[in-house]
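1. Quick check, what structure comes out for this input:
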Amino acid sequence: MLTTTTTRLLEPAELDAARAVLDREPVANAFVASRVAVAGLDPWRLGGELWGWYAGGRLTSLCYAGANLVPVCATPEAVRGFAERARRAGRRCSSIVGPAGPTAELWSLLEPAWGPAREVRARQPLMVTASVPADVEPDPLVRRIRKDEMDLIMPACVAMFTEEVGVSPLAGDGGLLYQARVAELVGGGRSFARVENGEVVFKAEIGAATPQACQIQGVWVAPEHRGRGLSETGLAAVLRYALREVAPVVSLYVNDFNTVARAAYRRVGFREAGAFMSVLF
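-> Have a look, this model is predicted:
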């Protein structure tokens, strides 16, 4: 039994203990919880490592270290432990993302070694809802994208990612990893779009998903179709699917400077319930 504070890679036998930590904040932890639900603690299947912070022999905090570095229920002491391990390992992630407080602390400790970042988004409101709005009619033309429609949805996904993140997902490996992720969402029935004349004019996905909560991501309207209210009616349609078929609580997070999107999400019934932070490299 460990009697001091320490951080180390979780072992397979600690799966239940990891799930107990993740269940403490099911909405904020949806991304990591969904990964663990599918892959357990095996790093190869998980797409990264899951580090644990132990106080008095008890697992109290987690940190996912893969394409993203994500602190989970991280206390200040745990953040310091995770930062030290991350410094020793060197930067392997393309972003640090998580609840704003712990993520800001983590970045302040890592910035001297890892900085500068390409961009820091210090406050991204986390918004949640548990119901479909009564006064926004879900768009009846929003539907699931089929597996044979990858060529249809990919250009919209690439445009959304490039607009949101500031770099193309096709850079580096030619987009193989990104295409695999889009295919995973399409194959799982979690990619939705409104298609007009053979073009995607609205799209969104249900990304991270657990029995407790799921997260809508990638909300996008083609530039030439903005101003038609498609984001609200389209999001209401995806929200209806999510609540009916995936989880009782739906969340998303948005940049604080995107006042148009935040207003649209509020009209669809989302309310702010915290904040995330993202550090992009």
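2. Next up, the contacts around the residue sitting nearest the centre point of the chain.
-> To find the centre residue of the chain, average its C-alpha atoms and take the closest one (Cα atoms, centre = their mean): that gives Phe31, at 5.3 Å. Residues near Phe31 by Cβ atoms under 8 Å, 6 or more residues apart in numbering: 64, 68, 70, 207-208, 215. To be clear about C-beta, it is placed using only N, CA and C from the backbone, and glycine gets the same treatment.
3. Against Pro102, how distant is the nearest residue to Met160 once chain neighbours are set aside?
-> For Met160, the nearest residue in space outside its immediate sequence neighbours is Trp220; the separation is 3.7 Å by Cβ to Cβ, 6 or more residues apart in numbering. Distance of Trp220 to Pro102, computed by Cβ to Cβ, to the nearest Å: 29 Å.
4. what does Ala183 give?
-> For Ala183, the distance to Pro102 (Cβ to Cβ) stands at 32 Å.
5. neighbour-wise, which of the two wins?
-> Neighbours per residue, other Cβ atoms under 10 Å: of Ala183 and Pro102, the larger number sits with Pro102, 22 against 15.
6. what helices or strands is the host helix or strand of the more buried one leaning on?
-> With elements taken from DSSP states H and E, the one containing Pro102 is helix 100-114. Secondary structure elements in contact with helix 100-114, counted by 3 or more Cβ pairs under 8 Å, 6 or more residues apart in numbering; DSSP states H and E, are strand 68-72, helix 76-89, strand 95-99, strand 119-129, strand 271-280.
7. Just the angle for that helix relative to strand 95-99, thanks.
-> 160 degrees (axes from the mean of the first three to the mean of the last three Cα atoms, to 10 degrees).
8. and helix 100-114, how far out from the chain's middle?
-> 19 Å (Cα atoms, centre = their mean, to the nearest Å).
9. Give me the contact list for that helix.
-> Outside helix 100-114, the residues that reach it (Cβ under 8 Å, 6+ apart) are 69, 71, 74, 76, 78-80, 82-84, 86-87, 91, 96-98, 117, 120, 122-124, 274-279, 281.
10. which stretches of the stretch 51-200 of the chain have low pLDDT?
-> By pLDDT under 70, the stretch 51-200 of the chain has no low-scoring segment.
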